[in-house]
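Visitor: Give me a model of this one.
(chains A and B)
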Amino acid sequence: MTGEPLRTLPELRSENGRVRTQLIVQNARFRVGDRTLHMPAYRFEHMTEGSLPGPTLRVKPGDRVDWDLANLITPTGIPDGATQAQQAMFDQLDYTNVHVHGLQVSPGENHDNVYQVLRPFCAPACYTYNIPGPETGRPQPSGMFWYHPHKHGSTSHQAWQGLSGAIIVEGPIDEVPEIRDLRERVIILNGLLVNPAGEVPRAAMVPNAGFSPFSPIPSQPTDMLLTVNGQLRPTIDIEPGEVQRWRVLNAAPHRFFWLNLDGHDFYQIGQDGIPFAAPRPVRRILMAPGNRAEFLVKGGRAGNYALHADIYEQGHPGGARPGWIIGTVEVAGQGRQDPIPTQLVEPPHMPDLPIANSRQIRFKGEISGNDPAGDQGATGDGPLVPVKFYLDGKVFSLNRIDQKVLGGTVEEWTLINEDVFQHPFHIHVNPFQVVAINGQPTNDDTWWDVIALPSKGELTIRIFFRPDVSGKTVYHCHILPHEDNGMMANLFIYPPGTDMANPPPIPDTPVPSGSGPCTI
Amino acid sequence: MTRFGLALLLACLGTGILAETHYPPWSGGITAPRPYIFTQQHNVENRPSAEGLVQVIRKGYPLQVQLPGNPAIWAFRAEASENVAYRGRTMVYSPNRIDGTESLLVFDLELSPEARAGDEGRITFTTDRVPDSLDSVIPGGVFVVRFTVIDPS
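Guide: Residues are numbered from 1 along each chain as shown, chains lettered A, B, ... in the order given. Have a look, this model is predicted:
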């Protein structure tokens, strides 16, 4: 039995180098399988209803995007028996902002500012993104990027609600003759954690064993829906011999997707939005939360083939996350013989610069619930915190600058995972290459903006901090319940020419004021 | 304040507001209801900051307690439990997640058939070898969840 046809997500395309819209997030109801879900959803200004997941934005290098984020979220997932006062304690789960993941744009105020806090029904927040064009000498690569909420403390809650959308940057790879006219699929994988009312619990979460990997405090039954464009096990049609271009995003906050398609190989053409020089045939693709993979699929013999998220051990309590069939590929029709290209485009190169600085970052989590609030090793008689996650022994602090770097330089960071949990490292603005795993060279020029650290192991990455983007931003674990519970830190990128022996002071980011929704 | 800090405040306040509350039905469309799961973080025994936390449980849903163990072994205490029936134990391999434990002990339970809306209940497990890594969250090796039954159907 096959499912309903895969949805094509709504799109908005730039015109004459510009996009001007509102990005509205508002509660809506969605039919998913045999359930009705009730959760916030994104829509653009011209749309009459929200989309699960959000609509796609298509732009080109050099474009300017202006959108105003409007937060119209109303509370859902309220625990049975909670009083108004108790509900208000979780108001911040409805605060939001938006991050354009992978775009190499300014992180400053009114740009890709993840420190923005937008409460429900307050005045919309304005964001402008100047997507690097050819004139910068280092244009935004052409590929798949995405947008999602990044309000520290509510990021995972809103990701479990499916708040995510694709950003497609079109460029040279779209002109490759064997690719230009292919049918394209924008595919967003979500992990929706819902209670029996179809809502994400409005509560603190703790990890557990079983199919649904988290429980709220106080407890509610929860289920995990692994959706593809908001659908359960949809069907993707393809003709025998037809080549399709799939752009796949793992927008789930926690689940790794180890993708494979029965009877078919994937020809990967890009990773995290950055194209390859030539297709790479692979049997399976592992996608940590936040990763994108772009690949070609060539229809085989007529028939139905299961698309799997294979069983995968990511270090969660209770062992491997279970395997799941997330869709069906139906091969049918006349048949054709589309070619697989042998060459793609010239990918960006790591500048040939000396390593300006080497750093170590340590990842450690504590899920016993046995520790009081504070950094690693905190003591005292204060209330215990259900889980804590540290970078270099510290939980996130808004105005502690954890790393200061100089734009226009290359650095090497060694990321040390002291846990069995496979923390996926993500850094804003600049992508990186992995040069060593556990000290052994990789000889791999793939660019990433999310990379899963090996359990009890380490990666060494090389980053070029582009010279034309400076300011305060973050790096963090992209398992979002880890990020929300401390595993994030601040990075300040100084402009070229700064005297790093005596750098200028960094102004504090204002602490958000006010609470609850604004008056309607 | 972090969301978990908020959770602790919620725990402190408890949920003793059941008498006048009406609950909407859940129509999840699930063929096999998922359980209410309780972990060491749900424990209220010997924890002043959490002792007000009363779980609200709808009839018709299974219950599950998951506690880190091995070598510590947790045992259900029927004599210290109320309105709950024990339905078995599974030891799940879960090494290197919590210091001093190699497994998760997963206990299946359900509300007693005679439990009615408004009834209060209690789930108790104990161990005589509580690991150091749990000595604050389950002091003395006594794990207790208190609950109230509701029946919105």
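Visitor: Which secondary structure element of the chain has the lowest mean pLDDT?
Guide: I'll assume chain A. Least confident helix or strand, chain A: helix A:84-88 with a mean of 84, by mean pLDDT, DSSP states H and E.
Visitor: To clarify, I was referring to chain B.
Guide: In chain B, the helix or strand scored least confidently by mean pLDDT, DSSP H and E is helix B:3-13, which has a mean of 45.
Visitor: Does the next helix or strand after that helix reach chain A?
Guide: Going down the chain from helix B:3-13, the next helix or strand is strand B:36-38, by DSSP states H and E. Yes - for strand B:36-38, a contact with chain A is found by CB under 8 Å from any CB of the partner chain, at B:36-38. For the C-beta atoms, the positions are set from N, CA and C on the backbone; glycine is no exception.
Visitor: And for the helix or strand following strand B:36-38, what's in contact with it?
Guide: Next in sequence after strand B:36-38, counting helices and strands by DSSP H and E, comes strand B:54-58. For strand B:54-58, the surrounding residues in contact (CB atoms under 8 Å, 6 or more residues apart in numbering or on different chains) are A:79-81, A:218-219, B:14-16, B:18, B:23, B:26, B:36, B:38, B:42, B:63, B:111, B:120-121, B:145-152.
Visitor: for stretch A:31-38, same thing?
Guide: So stretch A:31-38 is contacted by A:27-30, A:52, A:76, A:192, A:194, A:197-199, A:225, A:227, A:230-232, B:27-30 (CB under 8 Å, 6+ apart).
Visitor: what does stretch A:320-336 give?
Guide: If you take CB under 8 Å, 6+ apart as the criterion, stretch A:320-336 is touched by A:2-3, A:6, A:189, A:211, A:213, A:226, A:228, A:233-242, A:255-257, A:261, A:264, A:297, A:299-314.
Visitor: Give me the buried entries from these.
Guide: Buried subset of the contacts of stretch A:320-336 (neighbour count, 16 or more other CB atoms under 10 Å in any protein chain shown): A:3, A:6, A:189, A:213, A:226, A:228, A:233-242, A:255-257, A:261, A:264, A:297, A:299-300, A:305, A:307-310, A:312, A:314.
Visitor: Which positions within whichever helix or strand comes after the least confident helix or strand of chain A qualify as buried?
Guide: For helix A:84-88, the succeeding helix or strand toward the C-terminus, using DSSP H and E, is strand A:99-101. Within strand A:99-101, the residues that qualify as buried by neighbour count (16+ other CB under 10 Å) are A:99-101.
Visitor: of all those, which comes closest to chain B?
Guide: Distance to chain B across the buried residues of strand A:99-101 (CB to the nearest CB) is lowest for residue A:99, with 18.5 Å.
Visitor: so what pLDDT did the closest one get?
Guide: Per-residue pLDDT puts residue A:99 at 98.
Visitor: Could you give the bridge partners of it?
Guide: Beta-bridge pairing of residue A:99 under DSSP bridges involves residue A:148.
Visitor: contacting residues around it?
Guide: Listed by CB under 8 Å, 6+ apart, the contact partners of residue A:99 are A:112, A:114, A:147-150, A:428.
Visitor: measure it to residue A:159 for me?
Guide: Relative to residue A:159, residue A:99 is positioned 11 Å away (CB to CB, to the nearest Å).
Visitor: if I look at the two, which residues touch both of them?
Guide: Joint contacts of residue A:99 and residue A:159 (CB under 8 Å, 6+ apart) are A:148-149.
Visitor: just the buried residues of strand A:99-101 now: which is nearest residue A:68?
Guide: Nearest to residue A:68 among the buried residues of strand A:99-101, counting by CB to CB, is residue A:100 at 14.3 Å.
Visitor: Span of stretch A:263-283 from start to end?
Guide: This stretch, stretch A:263-283, spans 9 Å end to end (CA to CA, to the nearest Å).
Visitor: Show me how far it is from its chain's centre.
Guide: In terms of CA atoms, centre = their mean, to the nearest Å, the centre of stretch A:263-283 is found 19 Å from the chain centre.
Visitor: How about that stretch, which residues are buried there?
Guide: Going by neighbour count (16+ other CB under 10 Å), the buried part of stretch A:263-283 is A:264-276, A:279.
Visitor: Compile those into a markdown table and extend it with columns for distance to residue A:515, secondary structure and pLDDT.
Guide: Output for those, formatted as a markdown table (distance: CB to CB, whole Å; DSSP: H, G, I helix; E, B strand; the rest coil; pLDDT from 0 to 100):
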| residue | distance to residue A:515 | secondary structure | pLDDT |
| --- | --- | --- | --- |
| A:264 | 51 | coil | 98 |
| A:265 | 52 | coil | 98 |
| A:266 | 47 | strand | 98 |
| A:267 | 51 | strand | 98 |
| A:268 | 46 | strand | 98 |
| A:269 | 47 | strand | 98 |
| A:270 | 42 | strand | 98 |
| A:271 | 41 | strand | 98 |
| A:272 | 36 | coil | 98 |
| A:273 | 36 | coil | 98 |
| A:274 | 40 | strand | 98 |
| A:275 | 45 | strand | 98 |
| A:276 | 47 | strand | 98 |
| A:279 | 51 | strand | 98 |
